[in-house]
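Asks: Fold the following and give me the result.
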Amino acid sequence: MKAIQVGRAGGPEVLELVDLPRPTPRAGEALVRLAAAGVNYIDVYIRSGLYPRELPYVPGQEGAGTVVEVGPGVHEVAVGDVVAWANLPGSYAEYALLSADRLVPVPDGLSAETAAATLLQGMTAHYLCHDTHPVREGDTVVVHAAAGGVGMLLTQLVRLRGGTVIGTASTEAKAEAARAAGAVEVVDYRPGALLDAVRRHTGGLGAAAVFDGIGGPTFDESLASLRPRGVLAVYGQSGGPVPPFDLQRLNAAGSLYVTRPNLGHHIQDRAELLRRGTAVLRLVRDGRLHVRIGQRHPLSAAAAAHAALEARTTIAKTVLVCAPATV
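Replies: Below is the predicted model of the structure:
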């Protein structure tokens, strides 16, 4: 099979297209022929060595396709099922060998490619506004990078829960995309722009929550934008890590909360995975949550996909097209 392999930590150039043996499932495993793989910023963290892992490896944490073979003892899926997954390694390939109990059935009426573009970022957006800060009717929240894959889905989910979104974006094209997703206002990253927007929309009270996947560059203004007892959820650090800070700042600003959540802790068992994953996929299938694939690349162009993601020139979701989802 064709696959992307990483033999050393580094930049996008370390993503190499290679030929590897097609794997055979063991007990509890399923072999899936991929339709598409989702490209996510966590793939960059792992590739660069920020999140170390054993080398060499096949990157990719998200994908969807058709089950073509199962190992002994597998009862969660069967040959011919169309499934999706997130937080499992090895998706930048024509075939992936996966734990069967971590696969989510793709509902009828939803394409495998759309499922591959949805699950990881969709479940991230879901836990942020359902669990990290359960958005209530009338809440005003901030979504940083609102034209990104998580940002566009999170904006829509907040709106479905009755909240109002103020977004941030680096270009007018991205701002337009964020407004199309439902943000009432989108500002750039100039110092003070976000704070001014939040004050206007909340009568000076502040935002109920800030959902921040950028990290260091936005941290201070995110804190300043919160209302008393507001929540800052730093779920990523595409702009760099948050420096150490004095916890007394949280007291002085109104008993604020800061958290660094992770998707893995919100899909810990199969029941929670299926509940969250199925909810997101059905919202997409039913047309209540819209997934925008902004960039499609062939598997062989994984390096170009990573370069564009790191340069912040992408809008919405990037996918690698791997193979048709057929047995």
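Asks: buried stuff in stretch 265-275?
Replies: Using 16 or more other Cβ atoms under 10 Å as the test for burial, stretch 265-275 gives His266, Ile267, Leu273, Leu274. C-beta coordinates here come from the backbone N, C-alpha and C atoms, glycine included.
Asks: and Ser91, that's in a strand?
Replies: No. Applying DSSP: H, G, I helix; E, B strand; the rest coil, one finds Ser91 to be coil, outside a strand.
Asks: Just give the nearest non-adjacent residue to it, would you?
Replies: Gly60 (3.0 Å; Cβ to Cβ, 6 or more residues apart in numbering).
Asks: got a list of what the residue nearest in space to the middle of the chain touches?
Replies: Against the mean C-alpha coordinate of the chain, by Cα atoms, centre = their mean, the closest residue is Gln121 at 2.5 Å. Neighbouring residues of Gln121 by Cβ atoms under 8 Å, 6 or more residues apart in numbering: Gly38, Asn40, Gly149, Val150, Leu153, Lys317.
Asks: continuing past the helix or strand encompassing Leu309, what's the next helix or strand?
Replies: Per DSSP states H and E, Leu309 falls inside helix 302-310. Going down the chain from helix 302-310, the next helix or strand is strand 317-321, by DSSP H and E.
Asks: That following strand pairs with which strands, and in what direction?
Replies: strand 29-39 (antiparallel), strand 293-298 (parallel) (DSSP bridges).
Asks: among these, which is the most enclosed?
Replies: Among the strands paired with strand 317-321, ranked by average contacts under mean count of other Cβ atoms under 10 Å, first place goes to strand 29-39 (a mean of 27).
Asks: For the longest helix along the chain, report the contacting residues that lie outside it.
Replies: Secondary structure of the chain per DSSP state H: the longest helix is helix 270-285. With Cβ under 8 Å, 6+ apart as the test, helix 270-285 has contacts from 76, 84, 86, 101-102, 104-110, 114-115, 118-119, 122-123, 125-127, 160, 266-267, 289-291.
Asks: Repeat that for stretch 14-28.
Replies: Against stretch 14-28 from outside (Cβ under 8 Å, 6+ apart): 1-8, 31, 47, 58-59, 69-74, 92-93, 95, 97, 99-101, 299-300, 302-303, 306.
Asks: Alpha carbons only: can I get it in PDB?
Replies: The C-alpha coordinates for stretch 14-28 follow below in PDB (Å, rounded to 0.1, in the frame of the first residue of the first chain):
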ATOM      1  CA  VAL A  14      10.000  14.800   6.400                       C
ATOM      2  CA  LEU A  15       6.600  13.500   5.200                       C
ATOM      3  CA  GLU A  16       7.600  10.900   2.600                       C
ATOM      4  CA  LEU A  17       5.400   8.800   0.300                       C
ATOM      5  CA  VAL A  18       6.600   5.100   0.600                       C
ATOM      6  CA  ASP A  19       5.400   1.600  -0.200                       C
ATOM      7  CA  LEU A  20       4.500  -0.500   2.900                       C
ATOM      8  CA  PRO A  21       3.100  -4.000   3.400                       C
ATOM      9  CA  ARG A  22      -0.700  -4.000   3.700                       C
ATOM     10  CA  PRO A  23      -1.300  -5.100   7.300                       C
ATOM     11  CA  THR A  24      -3.300  -8.000   8.600                       C
ATOM     12  CA  PRO A  25      -5.700  -7.500  11.500                       C
ATOM     13  CA  ARG A  26      -5.100  -9.300  14.800                       C
ATOM     14  CA  ALA A  27      -7.600  -9.900  17.600                       C
ATOM     15  CA  GLY A  28      -9.700  -6.800  18.200                       C
END
